[in-house]
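# Compute the structure for the input listed below.
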Amino acid sequence: MAIAPDSSATDDTPMVALTDVVVSFDGFKALNINSFVVPRNQLRVVIGPNGAGKTTMCDVISGKTRSASGKVEVNGVDVTRMADVEIARLGVGRKFQTPTIFDSLTVYENMELALPGRRGIWKNLFGQESAEQREAILAILDRVHLISDLYTPAKYLSHGQRQWLEISMLIIADPKLLLVDEPAAGLTDKETELTAELLNELKGHHTLIVIEHDMDFVRRLNTRVTVLDNGQVLADGTLAEVQANAAVIEAYLGR
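Below is the predicted model:
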């Protein structure tokens, strides 16, 4: 299944905007970003050495961590002091490096739980998906090669399949913004290729911020790259541009 691009794919309106955001842990500035902006329906990759602040930045955007100062905006809404649950309701979905799925449930049951509006125990126990929702679930699972595993408990999936299932759960929840942490970690070459294709199809329909270390995978995504180092934006541009940046070579790519 090819995911049709949204008609607003060229919209330059910011989906995410961080301004003068500082996060400190015991006096150490884990994040010190003057400006970071991602327009709607675009894919941005964030790279940097360990401890550069990549995950902390996603924590701030999703509300898991609160900044000491500055402003965080999502889709034009100031979320700086909002709780993570409130931010999620604005349409922010997150995929962590280690897949967070329900091992005892089947692939299809995991997808059912991720449907929009399936929040709360009663809706999860007694909710019934519509024919349109079922069709959407099957189409997404077919795209990620999980259609033959509909009724397989998630605990029996390979690492790559678990990654695809969690990304699929994000897609079916239809968030405006997806925060994806190292989706290529531990994947085979074929799985890496499929994952890159999937993320590229999502841009134009969702805004994506992808944290990644694998430069071959970043190259496959063929999009704008932001480099963090010591909690600050060190460089921003195409992969070729940041790879040629002397400061980036010293801080990250040349290590």
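# For residue 129, which three-state class applies?
Assigned with DSSP: H, G, I helix; E, B strand; the rest coil, residue 129 falls in the coil class.
# What pLDDT does the model give residue 161?
Looking at residue 161, its pLDDT stands at 91.
# what about it, is that helix, strand or coil?
Secondary structure state of residue 161, per three-state DSSP, is helix.
# what about the nearest residue to it once chain neighbours are set aside, how many neighbours?
Excluding its sequence neighbours, the residue lying closest to residue 161 (C-beta to C-beta, 6 or more residues apart in numbering) is residue 146, at 6.3 Å. C-beta coordinates here come from the backbone N, C-alpha and C atoms, glycine included. For residue 146, the count of nearby residues is 20 (other C-beta atoms under 10 Å).
# again, but for the one 4 residues further on
Applying other C-beta under 10 Å, we find 14 residues neighbouring residue 150.
# swap in residue 172?
Other residues close to residue 172 by other C-beta under 10 Å number 23.
# And for it, nearest residue in space, chain neighbours not counted?
Spatial nearest neighbour of residue 172, chain neighbours left out: residue 114 (5.0 Å); criterion: C-beta to C-beta, 6+ apart.
# residues in contact with that neighbour?
Residue 114 is in contact with 168-170, 172-173, counting by C-beta atoms under 8 Å, 6 or more residues apart in numbering.
# just the strands in the stretch 51-200 of the chain please.
All strands of the stretch 51-200 of the chain, identified by DSSP state E, counting those that start in this stretch, fall at 69-74, 77-78, 92-95, 177-181.
# Give the buried residues for the third one.
Residues of strand 92-95 classed as buried under the neighbour-count rule (16 or more other C-beta atoms under 10 Å) are 92-95.
# possible to save those residues as TSV with pLDDT?
Shown next, in TSV, are these (pLDDT from 0 to 100):
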residue	pLDDT
92	95
93	92
94	91
95	87
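# just how off-centre is stretch 41-61 within its chain?
Relative to its chain's centre, stretch 41-61 lies at 10 Å (C-alpha atoms, centre = their mean, to the nearest Å).
# Keeping just the C-alphas, turn it into CSV.
Extracted in CSV, the C-alpha atoms of stretch 41-61 (Å, rounded to 0.1, in the frame of the first residue of the first chain):
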residue,chain,number,x,y,z
ASN,A,41,4.4,17.2,6.6
GLN,A,42,8.1,17.1,6.3
LEU,A,43,10.6,14.5,7.5
ARG,A,44,13.6,15.7,9.5
VAL,A,45,16.5,13.4,10.7
VAL,A,46,18.4,14.4,13.9
ILE,A,47,21.8,12.9,14.3
GLY,A,48,24.7,13.5,16.8
PRO,A,49,27.0,11.6,19.1
ASN,A,50,25.8,9.9,22.3
GLY,A,51,24.7,12.4,24.8
ALA,A,52,24.2,15.1,22.2
GLY,A,53,20.6,15.8,23.4
LYS,A,54,18.6,14.0,20.7
THR,A,55,16.4,12.0,23.0
THR,A,56,16.0,14.9,25.4
MET,A,57,14.8,17.1,22.6
CYS,A,58,12.1,14.5,21.8
ASP,A,59,11.3,14.2,25.5
VAL,A,60,10.7,18.0,25.6
ILE,A,61,8.5,17.9,22.5
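# Buried residues, that stretch. List them.
41-49, 52-61.
# Ok, stretch 136-144 next?
136-138, 140-141, 143-144.
# Give me the contacts around that stretch.
With contacts defined as C-beta under 8 Å, 6+ apart, stretch 136-144 is touched by 1-3, 107-108, 111-112, 115, 129, 147, 149-150, 164-165, 167-168, 171-172, 194, 198.
# now that stretch: how far from the chain's centre is it?
19 Å.
# what is the rounded mean pLDDT of it?
The pLDDT scores in stretch 136-144 average 93.
# before we move on, what about stretch 15-31?
What stretch 15-31 shows for mean pLDDT is 94.
# Kindly format the C-alpha coordinates of that stretch as CSV.
Taking Å, rounded to 0.1, in the frame of the first residue of the first chain, the C-alpha atoms of stretch 15-31 are listed here in CSV:
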residue,chain,number,x,y,z
MET,A,15,4.6,21.8,13.1
VAL,A,16,7.3,21.9,15.7
ALA,A,17,9.1,25.0,16.9
LEU,A,18,11.6,25.2,19.7
THR,A,19,12.8,28.7,20.8
ASP,A,20,15.5,29.3,23.4
VAL,A,21,14.8,25.9,25.0
VAL,A,22,17.1,24.9,27.9
VAL,A,23,17.0,21.7,29.8
SER,A,24,19.3,21.2,32.8
PHE,A,25,20.0,18.1,34.9
ASP,A,26,21.9,18.8,38.1
GLY,A,27,23.4,21.9,36.6
PHE,A,28,24.4,20.3,33.4
LYS,A,29,22.7,21.8,30.2
ALA,A,30,21.5,18.7,28.4
LEU,A,31,19.7,20.9,25.9
